Every structure is written in structure tokens, then in C-alpha cells.
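In: Sharing a sequence plus its predicted fold:
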Amino acid sequence: MTSRRAILLAAVALAPVPLAALLADGRTDALDMVAPLAAALSSDERDGAGWNPPRDLPNAAELRTNIDAMMAQAVVASSIDVLSVESGKAELDWFMQIRSRSSATLVEQRRGTIKIAWTKKRLTQLEPASLFAPPKVG
């Protein structure tokens with residue numbers, strides 16, 4: 001082992017925060033950004049009271065319209081996995097099981113990749129809004 005490698009390994013071993021913890025923090029931050037939306041989609045509320053997109057989000061109006069319409073018709077169970085995260089940006093694999101509010105039957109299963117960005121715990125990007133469009137029934 002070269003002395004440079006030994007020094008690097010020693011520095012990593014003595015670092016106050018392990019690399020895995022830094023990556024975990026980014027993943028945690030990404031999931032924290034979308035957790036209120038996932039909770040709102042699965043709630044019994046029909047008006048989206050649990051989540052409002054920031055007004056300065058470029059597609060805030062489309063998100064609000066889609067989410068309100070989805071919540072009026074359905075209850076959504078979500079599974080969200082972080083695909084990648086890098087300095088305030090992430091790609092998420094979002095899987096949804098959409099159930100009718102009136103009959104509780106499964107209407108649709110939907111999966112898509114969502115791109116998010118945030119600064120100081122504020123969501124600045126959430127795309128595409130079309131993933132949250134209401135289910136087409138009938």
C-alpha cells in the first residue's frame with residue numbers, strides 16, 4: 001500500500017462524518033421534501049389541505065390542479081425510492097396505487113421518475129406534474 005493511499009484511508013477513517021452518512025443525509029432531505037405530498041395524497045382529506053406547492057414553483061398551478069383533482073377522486077398509496085441525489089437535486093422513482101374514494105377499488109397503478117430540487121428545506125422543482133394527474137375513469 002502506498003503512503004498516499006494509507007494517508008487517504010486514515011483520513012477517511014478519522015473523518016467526523018462518514019461518506020455513507022453524507023449520502024444518507026441527501027437522500028433523507030430529498031424524501032423530506034416530498035413526504036408532505038405523499039401524506040396528503042394518502043389522507044382522507046379531499047381538498048389537498050395537507051400540501052400546497054410553493055407559489056414560486058414554476059408549475060405550481062398545474063400541480064395544484066392535478067393534486068386537487070386526484071384527491072377528490074382517489075386515495076393514493078405511494079412508494080418513493082431515491083434514484084440519485086446531488087447537492088439539492090434528486091431523481092425519485094415514485095410508484096402509486098390509486099384507489100377510488102367511492103368504492104376503494106384499485107383504479108390504477110402508476111410509476112414515474114420525478115425530478116426535484118430544493119434549497120434550505122424549500123422545494124424549487126417538482127416535475128413532471130402530469131404524474132399527479134387524476135385517474136381516467138370510464
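Out: Thanks, I have the structure now.
In: Every contact and neighbour count from this point should use C-alpha atoms.
Out: Noted.
In: Neighbours of Lys120, how many?
Out: 8 (other Cα atoms under 10 Å).
In: gap between it and Pro54?
Out: Relative to Pro54, Lys120 is positioned 13 Å away (Cα to Cα, to the nearest Å).
In: try Val82
Out: 22 Å.
In: what do you get for Leu106?
Out: 30 Å.
In: now do Ala30
Out: 16 Å.
In: where do the strands sit along this protein?
Out: Secondary structure of the chain by DSSP state E: the strands cover 74-86, 89-100, 106-119, 122-127.
In: want to try a markdown table for those, with mean neighbour count, mean pLDDT and distance to Asn59 as columns?
Out: Shown next, in a markdown table, are those (neighbours: other Cα atoms under 10 Å; pLDDT from 0 to 100; distance: least, Cα to Cα, whole Å):
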| stretch | mean neighbour count | mean pLDDT | distance to Asn59 |
| --- | --- | --- | --- |
| strand 74-86 | 18 | 93 | 21 |
| strand 89-100 | 20 | 95 | 17 |
| strand 106-119 | 16 | 95 | 12 |
| strand 122-127 | 18 | 94 | 8 |
